[in-house]
Every structure is written in structure tokens, then in C-alpha cells.
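Novice: Quick check, what structure comes out for this input:
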Amino acid sequence: MNRPVTDYKALIREVPNFPNPGILFYDITTLLKDAQALRSIVDELADRYREKGISKIIGIESRGFIFGSALAYRLGVGFIPVRKPGKLPADIFEVKYNLEYGSNSLAIHRDAVGIGENVLIVDDLLATGGTAAATVDLVRQLGGQIVGLAFLIELTSLRGRERLSGCDVHSMITY
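Specialist: The predicted model follows:
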């Protein structure tokens, strides 16, 4: 049986002033330790994407690995990690992107996505959208087709969804 989204919010710990003063951090570890909630989240996502022709799930480092790999298992498809620099051992494709406070980059193995292959991008949080947009760029440059992006949490006031225009974006919880 699936839980209502309001129950998921009740399982997320709010930590003020982390990692910096003035930031309210939504800690999902309290949700992850609840077996029923974790199963329900993965089941809800699987139900939503089961008939979409997805062949691979792409999880964004690092909490996207948690939901992405469980969802890939549930759908019977492959899992691809998108990682921070220096973490992947073989030939990579890398994209740099800007953050509010600087820049970063993400990498994917060059052979991870085939041309025309349908993928779903999964992460725990959509905030400003920079990391998700960079991942979309990686997939498109490798020739993959993005079926959608799925997030556990979306911080709507940061308007990250706007950076993902043209993509189907699904968030289970909004703040």
C-alpha cells in the first residue's frame, strides 16, 4: 500500500543552518531508514514509469544512486551513475556547469548510453536545477532520449524546473 506524500514529509528531518548558516537542510536519512516508506517511494516511481519504454535509469551522485538503483532493479533495467570528477575509471564524457557559488562538473562513461536509448534521470532533490540540467546535457550529447526526470523533493522557490524546460519533471514532495 502506498503512503500519501504528506506522510513522506513527516519522515524528513529538517536541520537548520546546515551546511551553512541560513540554510534549511532536508535530511532524507530519516525517511530512508523507514522500510515501508522507501519501498512505497520506489513502487510509486515504478508504477509511474513502467510503461514508458525506459532501458536505463541514470542516478546523479550520490543520493540519486539510492533511488535510481532501486528503481532500475524494480523496472528490470540497467543503472548508470553520473559522478563527480575523477570517480569513473574508463573513458568519460564530462560537462562543466555553473552553480550559484562557483562551478562544478559531472561525468558519465562514454559507452553508458546508446544513441536513441530511452533513459530516466533520478535524484533526491531538485533545487536550482544546475546538476539536473548538466545531466540532461550529458545524456543528450551521448545521443540518449530523456523520458523524464524524477525527484523525491523539489524546492519550488528555487525554480530549478525552469532550467529543465522541454523535459517531463516529476517531484514526489514539494517545499
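Novice: in this structure, which spans are helices?
Specialist: 5-10, 29-32, 35-49, 63-75, 130-141 (DSSP state H).
Novice: and the shortest one, what does it pack onto?
Specialist: I take that to be helix 29-32. helix 35-49 (3 or more CB pairs under 8 Å, 6 or more residues apart in numbering; DSSP states H and E). C-betas here are computed from N, CA, C, even on glycine.
Novice: ok, now with 10 Å
Specialist: Helix 29-32 sits against helix 5-10, strand 13-16, helix 35-49, helix 63-75, strand 145-154, with contacts defined as 3 or more CB pairs under 10 Å, 6 or more residues apart in numbering; DSSP states H and E.
Novice: repeat for the third one
Specialist: Under the contact definition 3+ CB pairs under 10 Å, 6+ apart, helix 35-49 sits against helix 5-10, helix 29-32, helix 63-75, strand 118-126, strand 145-154, strand 169-174.
Novice: how far does stretch 107-120 stretch from start to finish?
Specialist: 17 Å (CA to CA, to the nearest Å).
Novice: Stretch 8-23 now?
Specialist: End to end - CA to CA - stretch 8-23 spans 21 Å.
Novice: Which parts of that stretch count as buried, going by neighbours?
Specialist: Y8, K9, L11, I12 (16 or more other CB atoms under 10 Å).
Novice: Let me know the closest of these to E51.
Specialist: The shortest approach to E51 among the buried residues of stretch 8-23 belongs to Y8, at 23.8 Å (CB to CB).
Novice: so how many other residues sit close to the closest residue to that closest one other than its chain neighbours?
Specialist: Counting by CB to CB, 6 or more residues apart in numbering, Y8 lies nearest to I173, which is 5.5 Å off, once chain neighbours are set aside. Residue neighbour count, defined by other CB atoms under 10 Å, stands at 19 for I173.
Novice: Determine which residue of the chain is most distant from the centre point.
Specialist: What lies farthest from the middle of the chain is P21; by CA atoms, centre = their mean that is 25.5 Å.
Novice: Can you pull the phi/psi pair for it?
Specialist: P21 adopts backbone torsions of phi -60, psi 140, taken as degrees, to the nearest 10.
Novice: could you dump the buried residues of stretch 8-23 to a markdown table with distance to G76 and pLDDT?
Specialist: Formatted as a markdown table, the buried residues of stretch 8-23 follow (distance: CB to CB, whole Å; pLDDT from 0 to 100):
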| residue | distance to G76 | pLDDT |
| --- | --- | --- |
| Y8 | 25 | 96 |
| K9 | 30 | 95 |
| L11 | 28 | 97 |
| I12 | 29 | 98 |
